[in-house]
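In: here is a sequence together with a model predicted from it:
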Amino acid sequence: MKIALMVWGASSGAGKSLLATALCRWATREGLDVAPFKAQNMSNNARVVPVHADGLTDGGGALGEIGSAQYFQALAARVPPHVDMNPVLLKPERDTASQVVLQGQANAALSRMGWRERSALLATAARDSFVRLAARHDAIVIEGAGSPAEINLAPQDYVNLGTARWARDLAGARGRLRALLVADIDRGGAFAHLHGTWALLPDDLRPALTGFVLNKFRGDAALLAPGPEQLQALTGVPLLGVLPMKRDHGLPEEDGLYAAPTGGGSGPRIAIVAWPHLSNLDEFQSLAGAAAPRWVRSAAELDGSDCVVLPGSKQVSGDLAWLRAQGLDRAIVAHAHAAGRYWASAAGCRCWGGARRP
C-alpha cells in the first residue's frame, strides 16, 4: 500500500459510504489499484462474498457476509469483493444486542460478549484483514463509522481511530495517510460539526485531515461564503468539495429505513411489511423500476395491495409480536384468503406461520 485515504464523517448519515464509493471509482479510473475497507459495519444489509481474496462465489471457495456498502465499493473499484474488505459486521437483533459476523461468519460467543469486552478481539481480527488487503493493493479507501470524535468511545474505536493509525504505520516513510471529513449540510449545523470534530480528533491524527466536504447541498454554493474561509482560518483545513443533494444514486442505505422504495406509481401495488427488525431492506429498491412498492406498518395500509411481502427479520419473535400488536397478522391472512398474492423470505415464512396461528 502506497496511500490510504480515510473518509470520516461528522455524524452518521453524513455521506461516508457514497463518498467512499465515488472515490473508489475515481481512483480506478485514474489507473490506481484500489480497494475499499471498513473495519466494522453495523447493518442488516449484507451481501455474500468469498472469504478469501482468490475465492469464487460459484463454489470455488468458502463464502461469508460483508456489509452492502463495501460490496458496492468493491464493484466501483472493479475488484472482486471479499470479507477482508469488511471483517466485522454487526447485525442488530434488538436495541441492546447484535449478531457478530467475524471474517464473514456468525460468531455466537462474541455475540454474547459485551461491546467493550469484545472490542479488542474484533480490532485484532480487523487489523489482520487490513494488513492482508494493504499487501495486495496500492491504494485503500477506508470508510469510517459514525464520527471519529466520539470521545466516550475513543479507547475502543478501532473503526475510525485504530484503522487510521494502522494505515499510517503500514504506509511508512514512503507512503501516506490522508483523511477527508464529510458533513451533511442539509441537516444544518455543518460548520459546527466540522469544527467540533476537528477539535476533538486525537492530536496524532489531526494532521492527517486534508480537507472538509459538504454533502447534500441544495441551492447556490456561493451563499456558503465566508463560512469555508473562516473555517479554514480556524483549523488550517480547506473545504475541498461541495456535493449536491442526490437522492437517486441507487446505493443502499446501510443503517436504517431512510426512504420507501417508491417508483412512479405504475405496475403492481406491492406492500412491504416494515417490521422493526428488517434485514436486507435495500434489496427492495429494485422493485421501484417495475412496480409501485411501499412500506406498510398498519392493517389499513394493506388496502388495495396486489401483493404483500414479508421481508427478512433479525428477530422473528419480536417482529411477530409487533405484527400481532398492529393487527397486521389478521389483515395479511384476510388478504391471502381473498386471493391476494404474498411473498415471504425465510424469516418472513416463520412470521407468516405465526400469523396464521391464533
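Out: Arrived safely.

In: model confidence over the top helix by length along the chain, on average?
Out: Taking DSSP state H as the assignment, the helix of the chain that covers the most residues is helix 115-136. The average pLDDT within helix 115-136 is 95.

In: check stretch 238-256 too.
Out: What stretch 238-256 shows for mean pLDDT is 77.

In: again with stretch 204-219
Out: The average of the pLDDT scores along stretch 204-219 is 96.

In: list the buried residues in it.
Out: By neighbour count, and taking 16 or more other Cβ atoms under 10 Å as the criterion, the buried residues in stretch 204-219 are 205, 208-210, 212-217. All C-beta atoms are positioned from the backbone trio N, CA, C, and that covers glycine.

In: same question, stretch 123-134
Out: Applying a neighbour-count criterion of 16+ other Cβ under 10 Å, the buried positions in stretch 123-134 are 123, 125-127, 129-130, 133-134.

In: contacts for it next, please.
Out: Where contact means Cβ atoms under 8 Å, 6 or more residues apart in numbering, the residues beyond stretch 123-134 that reach it are 1, 4, 35, 37, 39-40, 53, 83-85, 87-88, 102-103, 140, 156, 158-159, 162-163, 166-167, 170.

In: if you set the cut-off to 7 Å instead, what comes out?
Out: Residues external to stretch 123-134 that are found in contact with it (Cβ atoms under 7 Å, 6 or more residues apart in numbering): 1, 35, 37, 39-40, 84-85, 87-88, 102-103, 140, 158, 162-163, 166, 170.

In: next SSE downstream of the longest helix of the chain?
Out: Where DSSP states H and E defines the elements, the next helix or strand beyond helix 115-136 is strand 139-143.

In: tell me the helices and strands packed up against that following strand.
Out: Using 3 or more Cβ pairs under 7 Å, 6 or more residues apart in numbering; DSSP states H and E, the elements in contact with strand 139-143 are strand 3-9, helix 16-29, strand 34-37, helix 163-171.

In: of all these, which one comes closest to Phe72?
Out: Comparing the helices and strands packed on strand 139-143 against Phe72 with Cβ to Cβ, the closest turns out to be helix 16-29 (5.9 Å).

In: just want the angle from the closest one to strand 3-9.
Out: In terms of direction (axes from the mean of the first three to the mean of the last three Cα atoms, to 10 degrees), helix 16-29 departs from strand 3-9 by 160 degrees.

In: tell me the pLDDT of the closest residue to Arg297 other than its chain neighbours.
Out: With Cβ to Cβ, 6 or more residues apart in numbering as the measure, Ala274 is the residue that lies nearest to Arg297, at 5.3 Å, once sequence neighbours are left out. Turning to Ala274, the model gives it a pLDDT of 82.

In: I'd say Ala274 and Arg294 touch.
Out: No: under the criterion of Cβ atoms under 7 Å, Ala274 is not in contact with Arg294, lying 9.2 Å apart.

In: so for these two, which residue has more residues nearby?
Out: For Ala274 versus Arg294, the count of surrounding residues by other Cβ atoms under 10 Å is larger for Arg294: 19 against 16.

In: name the SS class of that one, please.
Out: Per DSSP: H, G, I helix; E, B strand; the rest coil, the secondary structure class of Arg294 is strand.

In: shift numbering so it begins at 35
Out: Got it, first residue is 35 now, which makes that one Arg328.

In: can you pull up the bridge partners for it?
Out: According to DSSP bridges, Ala305 are recorded as the beta-bridge partners of Arg328.

In: any idea how far it lies from Asp353?
Out: Relative to Asp353, Arg328 is positioned 18 Å away (criterion: Cβ to Cβ, to the nearest Å).

In: how about low-confidence regions in this structure?
Out: 89-94, 207-209, 282-284, 286-299, 314-317, 319-320, 323, 348, 373-374, 376-392 (pLDDT under 70).

In: would you list the phi and psi of the residue nearest to Arg331?
Out: phi -100, psi 70 (degrees, to the nearest 10).

In: measure it to Asn186 for me?
Out: In this structure, Ala308 and Asn186 are 31 Å apart, going by Cβ to Cβ.

In: same check on Leu274?
Out: With distances defined as Cβ to Cβ, the gap from Leu274 to Asn186 amounts to 29 Å.

In: and Trp200, by the same measure?
Out: Distance, Trp200 to Asn186, using Cβ to Cβ: 22 Å.

In: more neighbours, those two?
Out: Set Trp200 next to Asn186 and count neighbours by other Cβ under 10 Å: Trp200 wins out with 23 against 7.

In: pull the contacting residues for that one.
Out: Counting by Cβ under 7 Å, 6+ apart, the residues that Trp200 touches are 161, 164.

In: identify the residues contacting the residue lying closest to Asp218 once chain neighbours are set aside.
Out: Once flanking residues are discounted, Asp218 sits nearest to Ala48: 4.6 Å by Cβ to Cβ, 6+ apart. Contact criterion Cβ under 7 Å, 6+ apart gives 216-218, 249 as the residues in contact with Ala48.

In: I'm done for today, thanks for sticking with me.
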